[in-house]
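In: sequence isn't available, so here's the structure alone:
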């Protein structure tokens, strides 16, 4: 592999290791961009938006695909700072714990109930891929029980992500993404309009009630934009995270008993999965001026890709980075959720979903093992990436043992 562009549906980590061995910053001819694989260098680029701009707002068609120019993903400067901080207040770890009690636990349990009684299941397609869209739908006040609607929402999000991976350069991908975005708008707008006058216990109601003043203008357009970003960023990427977590449990079955029934260990396991198999492999920035990074001169206007997946395996930062180690002293120093002004708004929600999903999965089943007779998993994707299918043979836990485990949590 000579370029990051060739990494779609391939294991990119040998390529990352090769580049890391040669240095932290490289010109990638296939990408026609700089790729940054070093940990410190990735942090530097993402922390300094005055030097390396977040260019999504400049991508042709971005406002159409991402729900309008007022979404937190497209805003810049003080406006971005204001909306980003406002949203973070509604995704604190304490708030996510409440979400888990209020609805996430029920959604996870419902998906496991749907596969109850079977010993051969695809834990990607039937579980990990669907829980995050259920969660975001419930959070926003949509009917997460409408299976047809949820399937369409997941398909629309995947279509929009495919356009994102082209950095606005593929007209056909844009046309498909714009169509998907318009369809999602038609689902969200009636809910947004209904909550304006008749609020309920959901995030769209909170955006109406508490959002006024965050931006100079705050109305239907601004609320739609935030809801669209949450749907886009909170479903597909978390699904990749959950699939990678379950894949890791299948590849390392000895971890199952080690973390079962202990939410602290399950959380630590999640952090190591985020480092070891970053759900979003790389980001995109544009140099605002000529600047030298790790001995390489990057010119103003050059596209720069901080490759967080590679940074998370930089041996200068992580000992034996190619191994899964839940006892790392620096478990949470990975950059899977970015750093700096574009730190992921939904990071705590994604972490909370992982804890709930793995907790219930290991309570429900005494053992999970790879189904050797079924199609093996492949590392699929490009910018976001995960393993699928995840065909597993599962051994249910007896009901009395399950109730005892629940009581101890």
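Out: In hand now; what should we look at? Just so we're clear, the structure is a prediction, and the values are computed from it rather than from any experiment.
In: so which bits of stretch 42-55 are buried?
Out: Of all the residues in stretch 42-55, those buried under the rule 16 or more other Cβ atoms under 10 Å are 42-47, 49, 51-55. In this view, the C-beta of every residue, glycine as well, is placed from N, C-alpha and C.
In: format those residues as TSV; extra columns: distance to residue 322 and pLDDT.
Out: As requested, those are arranged in TSV below (distance: Cβ to Cβ, whole Å; pLDDT from 0 to 100):
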residue	distance to residue 322	pLDDT
42	18	98
43	21	98
44	24	98
45	24	98
46	23	98
47	26	98
49	31	96
51	31	98
52	28	98
53	33	97
54	30	95
55	32	94
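In: just the ones in helices from those residues, please.
Out: 42-47 (DSSP state H).
In: circling back to that earlier point, which one of the buried residues of stretch 42-55 is nearest residue 168?
Out: Nearest to residue 168, judged by Cβ to Cβ, of the buried residues of stretch 42-55 is residue 55 at 8.9 Å.
In: quick one: the closest one and residue 285 touch, right?
Out: Yes - contact criterion Cβ atoms under 8 Å: residue 55 and residue 285 qualify, at 6.9 Å.
In: list the contacts of residue 338.
Out: By Cβ atoms under 8 Å, 6 or more residues apart in numbering, the contact set of residue 338 is 46, 283, 308, 344.
In: what about residue 323, distance to residue 293?
Out: With distances taken as Cβ to Cβ, to the nearest Å, residue 323 is found 29 Å from residue 293.
In: which of the two has more residues huddled nearby?
Out: residue 293 (20 against 11; other Cβ atoms under 10 Å).
In: picking up where we left off before, adding distance to residue 223, write the ones in helices among the buried residues of stretch 42-55 out as JSON lines.
Out: JSON lines is the format used below for those (distance: Cβ to Cβ, whole Å):
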{"residue": "42", "distance to residue 223": "33"}
{"residue": "43", "distance to residue 223": "33"}
{"residue": "44", "distance to residue 223": "35"}
{"residue": "45", "distance to residue 223": "31"}
{"residue": "46", "distance to residue 223": "28"}
{"residue": "47", "distance to residue 223": "30"}
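In: point out where the stretch 51-200 of the chain drops to low pLDDT.
Out: Applying pLDDT under 70 to the stretch 51-200 of the chain picks out no residues at all.
In: the helices in it, which residues?
Out: Assigned by DSSP state H, counting those that start in this stretch, the stretch 51-200 of the chain shows helices spanning 62-65, 77-88, 93-99, 105-114, 131-140, 147-164, 171-197.
In: chain center to the last one, what's the gap?
Out: Meaning helix 171-197. 20 Å (Cα atoms, centre = their mean, to the nearest Å).
In: packing partners of the following helix or strand past it?
Out: Moving toward the C-terminus from helix 171-197, the next helix or strand (DSSP states H and E) is helix 203-210. Judged by 3 or more Cβ pairs under 8 Å, 6 or more residues apart in numbering; DSSP states H and E, helix 203-210 is in contact with helix 131-140, helix 171-197, helix 220-251.
In: change it to 10 Å
Out: helix 77-88, helix 131-140, helix 171-197, helix 220-251 (3 or more Cβ pairs under 10 Å, 6 or more residues apart in numbering; DSSP states H and E).
In: that older thread, which one of the helices of the stretch 51-200 of the chain lies nearest to residue 19?
Out: Nearest of the helices of the stretch 51-200 of the chain (Cβ to Cβ): helix 147-164, 22.9 Å.
In: next one: the most centrally placed residue in the chain from residue 381, what distance?
Out: What sits nearest the mean C-alpha location of the chain, by Cα atoms, centre = their mean, is residue 237, with 2.6 Å. Counting by Cβ to Cβ, the gap from residue 237 to residue 381 is 11 Å.
In: and for the two, which residues touch both?
Out: By Cβ atoms under 10 Å, 6 or more residues apart in numbering, residue 237 and residue 381 have these common neighbours: 161, 279-280.
In: now those as CSV including neighbour count and distance to residue 364?
Out: Putting those into CSV (neighbours: other Cβ atoms under 10 Å; distance: Cβ to Cβ, whole Å) gives the following:
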residue, neighbour count, distance to residue 364
161, 22, 30
279, 26, 24
280, 22, 29
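In: can you redo those residues as TSV with distance to residue 24?
Out: Compiled in TSV, the shared contacts of residue 237 and residue 381 are given as follows (distance: Cβ to Cβ, whole Å):
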residue	distance to residue 24
161	27
279	22
280	19
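In: ok so, going back, now distance to residue 95 too, for the helices and strands packed on helix 203-210, in a markdown table please.
Out: Converted to a markdown table, these look like this (distance: least, Cβ to Cβ, whole Å):
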| stretch | distance to residue 95 |
| --- | --- |
| helix 77-88 | 10 |
| helix 131-140 | 11 |
| helix 171-197 | 19 |
| helix 220-251 | 14 |
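In: and of those helices, who's closest to residue 390?
Out: Comparing those by Cβ to Cβ, helix 220-251 comes nearest, at 5.5 Å.
In: can you tell me the helix or strand for residue 367?
Out: strand 365-370.
In: partners of that strand in the sheet?
Out: According to DSSP bridges, strand 365-370 forms sheet pairs with strand 391-396 (antiparallel).
In: can you tell me the SS state at residue 380?
Out: Assigned with DSSP: H, G, I helix; E, B strand; the rest coil, residue 380 falls in the strand class.
In: my read is that it contacts residue 12, right?
Out: No - Residue 380 is beyond contact range of residue 12, at 11.8 Å (criterion: Cβ atoms under 10 Å).
In: of those two, which one has the most company?
Out: residue 12 (22 against 17).
In: any idea how far residue 30 is from the closest residue to residue 350 other than its chain neighbours?
Out: Sequence neighbours aside, residue 238 is the residue nearest to residue 350 in space, at 4.6 Å (criterion: Cβ to Cβ, 6 or more residues apart in numbering). Between residue 238 and residue 30 the distance is 29 Å, computed by Cβ to Cβ.
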